[in-house]
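Novice: predicted model, plus sequence, below.
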Amino acid sequence: MNVLKSTAACAALMVVAPLAAAAEDCGSVTIAEMNWASAGLAAWVDKIILEEGYGCDVALVTGDTMPTFTSMNEKADPDIAPELWVNAVKVPLDAAREEGRIIIASEILSDGGVEGFWVPTALAEEHGLRTIGDALARPELFPGAENADRGAFFSCPSGWACQIITQNQFEALDGAGAGFDLVDSGSAAGLDGSIARAFNRDEGWLGYYWAPTAILGRYDMTRLELETDHDRAHWDECTVITDCPDPRLNEWPRSDVFTAVTSDFAERNPVAMDYLGTRSWTNDTVNGLLAWMGDNQATNEDGAWHFLENHPEIWAEWLSEDVAERVRAAL
């Protein structure tokens, strides 16, 4: 019996020792859990893999695009922003990268994000709405404004960088002159609720949205053409700037969606950087996960475990075999 106990103890030490060494290398990690679904899901996937696979001590902190970027840039905290939409912070991010404060670890969305103004596809087909001009010519199709005589143009959630962009685009379009009010959705949940309500009532809806999201997987929406090119200089100097005095309509660029880390973290944590440098997934993968989460009223944590349990063919490619085996054991 003593021999068996000794053998078991040795086996346990053999399993624990590599994990302890990984924990010593990895240490404490702070990750921004952004307040939109795809980013929150990514934060939890990173948390589980770093904890179970590498033995890191991970803490999630509430995040949002501008506050998180500013904190990382000025205070080197949190360590990781798993899903940073670069278009919103391109100029200061380029400066932070050039000055060595922030490092791009990977492009988390391999096919990029999609942003724009959308309407229900059935409405677009019924009324021939192909461009943003087509939609603005029909304010009566888009109820929801406080004034029932005007159309509702739903904006990006409060506090998000795209709220500034939407405001400038709306002014460039003279949306008010076309008979529309820019409606503050208040939050991501409020914006989603406005779309769900419109579909449930078979009403029109017009406003800002993006992918990957569960909403665009659940409801058939059409992205309107802006009939203009992307002007990078004007985008950086006006479109993304609060109270720009003379905004011009500007096509969204392909949305680069990166994982950003502080340079301090990158220097002291090469173990986690190895993982973050290979971790990437597609819009289709994320849309499917978000749709499952919505259908099952699942949390970000639920969605992360669901992903790990059902898509080992994706995440195992990010990891060495020994790390992947530890994650499998956690499942």
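Specialist: Here it is on my side, so go on. A quick note: this is a predicted structure, and the numbers were derived from the prediction, not measured. Numbering: from 1, shown residues only.
Novice: which stretches in the stretch 201-331 of the chain count as helices?
Specialist: Per DSSP state H, counting those that start in this stretch, the stretch 201-331 of the chain has helices spanning 214-218, 232-234, 263-268, 270-276, 283-295, 300-310, 312-315, 321-330. These are given in chain order.
Novice: identify the residue nearest the residue positioned nearest the centre of the chain in space, chain neighbours excluded?
Specialist: Centroid-nearest residue in the chain, with Cα atoms, centre = their mean: A39, separated by 4.0 Å. Of all residues beyond its chain neighbours, the one nearest A39 is E83 (3.7 Å), with distances taken as Cβ to Cβ, 6 or more residues apart in numbering. For every residue, glycine as well, the C-beta is placed using N, CA and C.
Novice: tell me what angle the host helix or strand of that neighbour forms with helix 283-295.
Specialist: Here E83 sits within strand 80-85, counting by DSSP states H and E. Counting by axes from the mean of the first three to the mean of the last three Cα atoms, to 10 degrees, strand 80-85 points 100 degrees away from the direction of helix 283-295.
Novice: about what we covered before: okay, now the residue nearest to A39: neighbour count?
Specialist: The local packing count at E83 equals 25, with neighbours defined by other Cβ atoms under 10 Å.
Novice: repeat that for C156.
Specialist: The local packing count at C156 equals 23, with neighbours defined by other Cβ under 10 Å.
Novice: that one contacts Y208, correct?
Specialist: Yes. Because the distance of 4.7 Å satisfies Cβ atoms under 8 Å, C156 is recorded as touching Y208.
Novice: overlap in contacts of these two?
Specialist: C162, T166, L191 (Cβ atoms under 8 Å, 6 or more residues apart in numbering).
Novice: low-confidence stretches in the protein?
Specialist: Judged against pLDDT under 70, the low-scoring parts of the chain cover residues 1-24.
Novice: per-domain residue ranges of it.
Specialist: For the chain, whose domains are defined here by automatic domain parsing, the residue ranges read 2-112+257-330, 114-239.
Novice: which of those sits closest to E251?
Specialist: When these are compared by Cβ to Cβ, domain 114-239 sits nearest E251, at 4.3 Å.
Novice: ends of that closest one, how far apart?
Specialist: Its start and end residues considered, domain 114-239 measures 17 Å (Cα to Cα, to the nearest Å).
Novice: show me where this protein has strands.
Specialist: Using DSSP state E, the strands assigned to the chain run over residues 28-34, 57-63, 80-85, 102-107, 114-120, 151-154, 180-183, 207-211, 221-223, 257-262.
Novice: just checking, D256 touches N87?
Specialist: Yes. Between D256 and N87 there is a contact at 7.0 Å, judged by Cβ under 8 Å.
Novice: the more surrounded of these two?
Specialist: With neighbours defined as other Cβ under 10 Å, D256 and N87 compare such that N87 has more, 22 against 17.
Novice: how near is the more buried one to W235?
Specialist: In this view, N87 and W235 are 8 Å apart by Cβ to Cβ, to the nearest Å.
Novice: format the shared contacts of C156 and Y208 as JSON lines; extra columns: distance to P312 and neighbour count.
Specialist: Below are the shared contacts of C156 and Y208 laid out as JSON lines (distance: Cβ to Cβ, whole Å; neighbours: other Cβ atoms under 10 Å):
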{"residue": "C162", "distance to P312": "34", "neighbour count": "22"}
{"residue": "T166", "distance to P312": "39", "neighbour count": "24"}
{"residue": "L191", "distance to P312": "33", "neighbour count": "24"}
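Novice: what about W36, distance to D246?
Specialist: W36 sits at a distance of 30 Å from D246 (criterion: Cβ to Cβ).
Novice: show me which of these two is the more surrounded one.
Specialist: Ranked by neighbour count (other Cβ under 10 Å), W36 and D246 place W36 first, with 20 against 9.
Novice: which residues touch the residue nearest to the more buried one when sequence neighbours are not counted?
Specialist: By the measure of Cβ to Cβ, 6+ apart, the closest residue to W36 outside its immediate chain neighbours is A188, 5.2 Å from it. Neighbour list for A188: N35, W36, A37, P157 [criterion: Cβ under 8 Å, 6+ apart].
Novice: swap in N87?
Specialist: Each residue near N87 by Cβ under 8 Å, 6+ apart is listed here: E115, W235, V240, W252, P253, S255, D256.
Novice: so the residue nearest to the centre of the chain versus T278, what's the distance?
Specialist: In this view, A39 and T278 are 19 Å apart by Cβ to Cβ.
Novice: please apply the same query to A152.
Specialist: Using Cβ to Cβ, A152 is found at 43 Å from T278.
Novice: these two - which one has more neighbours?
Specialist: Shown here are A152 and T278; by other Cβ under 10 Å, A152 has more neighbours (24 against 13).
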